[in-house]
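K.L.:
Kindly generate the corresponding structure for this input.
(2 chains)
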Amino acid sequence: MISSSMSKRSLKSGNTRLKGIRVMFILMLLFSYPLTLGLDFADVTLKNTDESDPMVDLGELIEIGGSHIPGDNEFITEKDETETVSSQETTTQETGRTETVKTPRTVTIEGRNITIDGQIISEIKTVVSRLKYYESNDIPVNLDTEYAELYTYLEVMDAVKESGVNVLDN
Amino acid sequence: MKKQIYRRKTDKSIIRIISVMMCMLCWCFSFAGAFSYDDPVLNDEDHMIYRTYDPDNVSVGEDIVAAGTVDSVLDVKNFILKTSSDGKIKVSVGLTDNLSGISEGMDVRVYGTLKTSYNRSYKYILKAHHIETESGAFLKDDYYVPGGQSYSNGSSVTRNLPGDDISYRIPSGWEKVIANNDEKNRIFNIGDIQNGDCYYLNAIDSKNETECFIIYDFDYSRFLYDSDRNRTGGIEKAIVENICPKAVSGMIKNATFMPKNAVAGFEHDIDYYIAMYENSYSVEFVFVPLEDHMCVMLYIYNGEPVHLDDVLYVIKSLDEML
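P.N.:
Numbers count the residues shown, from 1 in each chain, chains lettered A, B, ... in the order given. Okay, the predicted model is just below:
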């Protein structure tokens, strides 16, 4: 009688252990998925990057995007080193072929010669887009920092305008 | 007695293991919880692009669009479509849908996923996602977005990212809105990724609100330590957090990071993420992990994206050309 109750008890304890192992096994399976997810997304350090200077500058992107004009550039950009606003177009006869030569326009402001090239046009567009952004978002312009820069560009724009070339259409 | 002590010990150790695991589970869930967010529009089942059905060049599991005439209606869930290429496909709709309004002889366009059929009369079953009844029985282009644009490879332009094996097609209107070198110098801060392309899609419609698509190649040898090269999720997270830091001063701030795995319909593993900014700009990231490098795409828009169909076409073309 005693041995029978003992064997029942040991059988019961064996079952409990087996159940425990089974539960553990199921739990292990359940845990493994989120654990893998967690490990997969564990931090990776990027080398040759600077946290304060992201790979893609979204601020610049949004600023430029607002003023980008279709056809502003050639499709294949590898070759277009600088844009030039042509002040004069001359046609030359060279080995029987007609070609158009573009020379960059230069304007003089307060004794300084400023060449109207792709870079300055791009800067002017940035200023214009920034102004638009400030206006549309009701952001007050900081006169100390913004105005001096704007003033120069507006002068450049006026000078170019007087010469009959519309910078923003080029 | 000894057995009882042993059993108690075992029980205690099981409880201990379970509590440790519960803690780990909580940690994992809290980690995953940070990702809860709306679906990126680029990975939404409502925004999918379908390749035109070509019986000679098709694979099971692919998302395709087929047009033709309803040959016979089998029941409320199934009908036979006689396509313009003279093949027959069985079209099935989902459990909750039915085919009311579809009748024999009707011209339809069906968007769905292709499955194998074991019936001799038709080679494939098309599990329909959308059925259009007004659009006719023929398809002239290569890709279609339901209720949206269609695209033809013949009229698109193929672009290659220099130095690597990444090619893709852009719709013809995009060639005029690619950023020039000066702009790219300002946008891409690291020399090595200036081989990327940037398209100002808002300029197509002469709008001032920036909508932009960027694509570049992320070279593992340039940016990663050897031990991290296989941790794709971590790499993608690091890129997202580099471009959209959680708290930066200035115009853009408070990005939220969320991973979203690929939807069906692409041959390669494509991972999607979204970052939303305080000033309502959304930045969607699309990653295509490749051997030793990764193709990174960004889609930036404010409010509702206008050129979503175009972007879907570009990603689809890249997937097919890899």
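
K.L.:
OK, contacts around the residue of the stretch 101-250 of chain B found nearest chain A?
P.N.:
Across the stretch 101-250 of chain B, no residue is closer to chain A than B:Thr210, which sits at 3.0 Å (CB to the nearest CB). Where you see a C-beta, it was placed from the backbone N, CA and C, and this is true even at glycine. Applying CB atoms under 8 Å, 6 or more residues apart in numbering or on different chains, we find B:Thr210 in contact with A:Leu61, A:Ile62, A:Ile64, A:Gly65, A:Gly66, B:Tyr200, B:Asn202, B:Tyr281, B:Ile300, B:Tyr301, B:Asn302.

K.L.:
do you know how far B:Val65 is from chain A?
P.N.:
Applying CB to the nearest CB, to the nearest Å, the value for B:Val65 to chain A is 30 Å.

K.L.:
nope, B:Ser85 is what I was after
P.N.:
In terms of CB to the nearest CB, B:Ser85 sits 35 Å off from chain A.

K.L.:
ok, for that residue, nearest residue in space, not its chain neighbours?
P.N.:
B:Pro55 (5.4 Å; CB to CB, 6 or more residues apart in numbering or on different chains).

K.L.:
before we move on, what SS does that neighbour have?
P.N.:
When classified by DSSP: H, G, I helix; E, B strand; the rest coil, B:Pro55 comes out as coil.

K.L.:
wait, it sits on B:Lys88?
P.N.:
No: contact status for B:Pro55 versus B:Lys88: not in contact, 10.0 Å apart, counting by CB atoms under 8 Å.

K.L.:
between the two, who's got more neighbours?
P.N.:
The residue with more neighbours, out of B:Pro55 and B:Lys88, is B:Lys88; 17 against 13, by other CB atoms under 10 Å in any protein chain shown.

K.L.:
Any stretches of chain B with poor pLDDT?
P.N.:
Scanning chain B for pLDDT under 70 picks out B:1-10, B:14, B:17-40, B:43-44, B:86, B:163-164, B:191-194, B:246-266, B:275-279.

K.L.:
quick one, helices of it?
P.N.:
Using DSSP state H, the helices of chain B run over residues B:2-33, B:181-187, B:220-223, B:232-243, B:308-321.

K.L.:
residues in contact with stretch B:108-116?
P.N.:
Stretch B:108-116 is contacted from outside by B:48, B:50, B:53, B:58-70, B:81, B:89, B:91, B:102, B:123-133, B:135-137, B:139, B:144, B:146, B:264-265, using CB under 8 Å, 6+ apart.

K.L.:
Which among these count as buried?
P.N.:
When these are checked for burial by 16 or more other CB atoms under 10 Å in any protein chain shown, the buried set is B:48, B:50, B:53, B:62-68, B:70, B:81, B:89, B:91, B:102, B:123-126, B:128-129, B:131-132, B:135, B:137, B:139, B:144, B:146, B:265.

K.L.:
Now, those residues that are in strands?
P.N.:
Of the positions in these, B:50, B:63-68, B:70, B:81, B:89, B:91, B:124-126, B:128-129, B:131-132, B:144 sit in strands, assigned by DSSP state E.

K.L.:
Can you lay out the contacts of B:Thr210 as TSV showing neighbour count and distance to B:Arg229?
P.N.:
TSV is the format used below for the contacts of B:Thr210 (neighbours: other CB atoms under 10 Å in any protein chain shown; distance: CB to CB, whole Å):
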residue	neighbour count	distance to B:Arg229
A:Leu61	25	28
A:Ile62	22	32
A:Ile64	25	33
A:Gly65	28	33
A:Gly66	22	38
B:Tyr200	27	33
B:Asn202	23	37
B:Tyr281	23	31
B:Ile300	25	28
B:Tyr301	23	32
B:Asn302	18	35
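
K.L.:
which of the residues you listed lies closest to B:Arg186?
P.N.:
Nearest to B:Arg186 among the contacts of B:Thr210: A:Ile64, at 6.7 Å, using CB to CB.

K.L.:
Next one: the closest one from B:Ala203, what distance?
P.N.:
Separation of A:Ile64 from B:Ala203 (CB to CB, to the nearest Å): 10 Å.

K.L.:
got it, and B:Met48?
P.N.:
Per CB to CB, B:Met48 is found 26 Å from B:Ala203.

K.L.:
now B:Asp142
P.N.:
25 Å.

K.L.:
Counting neighbours, what do you get for the closest residue in space to B:Leu298 that isn't next to it in sequence?
P.N.:
In this structure, B:Leu298 finds its nearest non-sequential neighbour in B:Ile214, 4.2 Å apart by CB to CB, 6+ apart. A count of nearby residues for B:Ile214, using other CB under 10 Å, gives 24.

K.L.:
I figured B:Ile214 hits B:Gly196, correct?
P.N.:
Yes: when contacts are counted by CB under 8 Å, B:Ile214 is listed as touching B:Gly196 (6.3 Å).

K.L.:
Pull up the per-residue confidence for A:Thr36.
P.N.:
In this model, A:Thr36 is scored at 59, pLDDT.

K.L.:
no, scratch that, I was asking about A:Thr100
P.N.:
pLDDT, A:Thr100: 38.

K.L.:
cool, A:Ser163 as well?
P.N.:
Value for A:Ser163, per-residue pLDDT: 60.

K.L.:
Those residues of the stretch 201-322 of chain B touching chain A, which are they?
P.N.:
Within the stretch 201-322 of chain B, the positions adjacent to chain A are B:202-204, B:206, B:208-212, B:214, B:216, B:222-225, B:228, B:231-235, B:237-239, B:242-245, B:250-252, B:259, B:279, B:281, B:283, B:298, B:300 by CB under 8 Å from any CB of the partner chain.
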